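**Q** When you get a sec, could you give me coordinates for this:
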Amino acid sequence: MRALAEFAMKSRGRAVGAVSGFGVAGLFLPPVALLGSALVALVGLRIGLGQALLVIALSALVLGVAMFALMPEAPLFAGVVAGVVQWAPVALLAELLRRTVSWRSTLQAAAGVAGFGVLAVHMLVPDLESTWAEAGMRLLGPLVEGSETGPQELEAALRRAAPYLTGLFAGILLLSLTLSVLLGRYWQALLYNPGAFGEEFRALQFGRATSAATLLLAGIGHLGPVPLATELAFILAVLFFLQGIALMHALTFRQGMSSFWLVGMYVLLALAMPQMFLLLATIGVIDAWADIRSRLGPGSASGGQDGDNNP
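**A** Predicted structure coming up:
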């Protein structure tokens, strides 16, 4: 990982090559695209938004040409648009972190934008549930033909899930963008200020006000039931999922515990993501009120304060 970050930071040409390369690889293996986004974040955090946007523009052109060569039926601009849509939000989020030097402010702002996007979609799309159901049938319909799960059962399941899919999509997008910036920030610290990222991440705290908003929305969504409130609660839950992970890292670090516990946590995340997401988000919400890190002894931190942004 360090070698990749060093390679990309040697020159603009290498950064463009690495970002566009991972963009192309991501067409076939989507998780790989995260590395390209993280490199964009690294460039933005270290050099600034202007350079990050220049890398994005050049990489998007390369991605457009590559997509046209691999899939001639796709228009040339499709790859360019895909690159800009994928990388520009990461650059903006990295710039916000660079200016505020605060993970709390940065991620709360990102969650606010995601929530506004969900509200906008609900206002602009007349029959959102039918839209999601139709899109799901086009995507998944061919997969269930001839299977025990027929098209009617699939459509019924999609219509049950449709009221929540906009918020789910927004939350997953928020998590993806955040992971890209986290990895970019980790690389920045690794290259220019070793140890700074760990201190920042272990101190991640979103506070009682955000926790109360999450609980209120979740309660309204469940008791109403009001699907829109549940969607917004899920977006905020992404923040507390990250806080829960940060708390686990802080506990392990402060108590001198074996890293085996963290490895076990990430293995469980891979095997049971929905259950672990709910558990860690709940732990994060509890930590917002109990401030568990303040009980861990000298050197504990809370409030989302970050280290030096420009090593």
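**Q** quick one, helices of the protein?
**A** With DSSP state H applied, the chain shows helices at 2-9, 12-28, 33-46, 49-70, 76-100, 103-124, 128-144, 151-192, 196-202, 207-223, 227-254, 260-271, 273-290, listed in chain order.
**Q** can you list the ones you listed in TSV and add mean pLDDT, mean neighbour count and distance to L296?
**A** Just so you know, the C-beta spots here come from the backbone N, C-alpha and C atoms, and that holds for glycine as well. Below are those laid out as TSV (pLDDT from 0 to 100; neighbours: other C-beta atoms under 10 Å; distance: least, C-beta to C-beta, whole Å):
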stretch	mean pLDDT	mean neighbour count	distance to L296
helix 2-9	92	16	29
helix 12-28	93	19	38
helix 33-46	95	26	28
helix 49-70	92	19	36
helix 76-100	92	20	25
helix 103-124	94	18	19
helix 128-144	79	15	44
helix 151-192	91	19	22
helix 196-202	91	20	10
helix 207-223	94	16	18
helix 227-254	94	23	4
helix 260-271	92	12	15
helix 273-290	94	17	11
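**Q** tell me the domain boundaries of this structure?
**A** Here the domain assignment for the chain is 1-100, 101-311, based on automatic domain parsing.
**Q** Would you check that R293 makes contact with A250?
**A** Yes: in this structure, R293 is within contact of A250 by C-beta atoms under 8 Å, at 5.2 Å.
**Q** Go ahead and confirm L296 touches H249.
**A** No: the pair L296 and H249 does not pass the contact test of C-beta under 8 Å, sitting 11.7 Å apart.
**Q** Tell me which residues touch A25, please.
**A** A25 sits next to V32, A33 when contact means C-beta atoms under 8 Å, 6 or more residues apart in numbering.
**Q** any idea how far it lies from A15?
**A** Noted for A25: a distance of 16 Å to A15, by C-beta to C-beta, to the nearest Å.
**Q** Check F253 too.
**A** According to C-beta to C-beta, F253 and A15 sit 32 Å apart.
**Q** Mind listing residues that contact stretch 203-223?
**A** Counting contacts by C-beta under 8 Å, 6+ apart, the residues touching stretch 203-223 from outside are 103-104, 107-108, 226-233, 236-237, 239-240, 242-243, 246, 250, 284-285, 287-289, 291, 293, 301-306.
**Q** before we move on, what about stretch 183-190?
**A** With C-beta under 8 Å, 6+ apart as the criterion, stretch 183-190 contacts 1-2, 5, 34-35, 37-42, 44-46, 90, 94, 97, 195-198, 200, 307, 311.
**Q** Contacts only, for A5.
**A** For A5, the contacting residues are L39, L42, W187, L190, L191, taking C-beta under 8 Å, 6+ apart as the criterion.
**Q** between those, which is closest to G136?
**A** Lowest distance from G136 to the contacts of A5 (C-beta to C-beta) belongs to L39, with 32.7 Å.
**Q** May I ask you to confirm that that closest one is in contact with A8?
**A** Yes: if you go by C-beta under 8 Å, L39 and A8 touch, sitting 4.9 Å apart.
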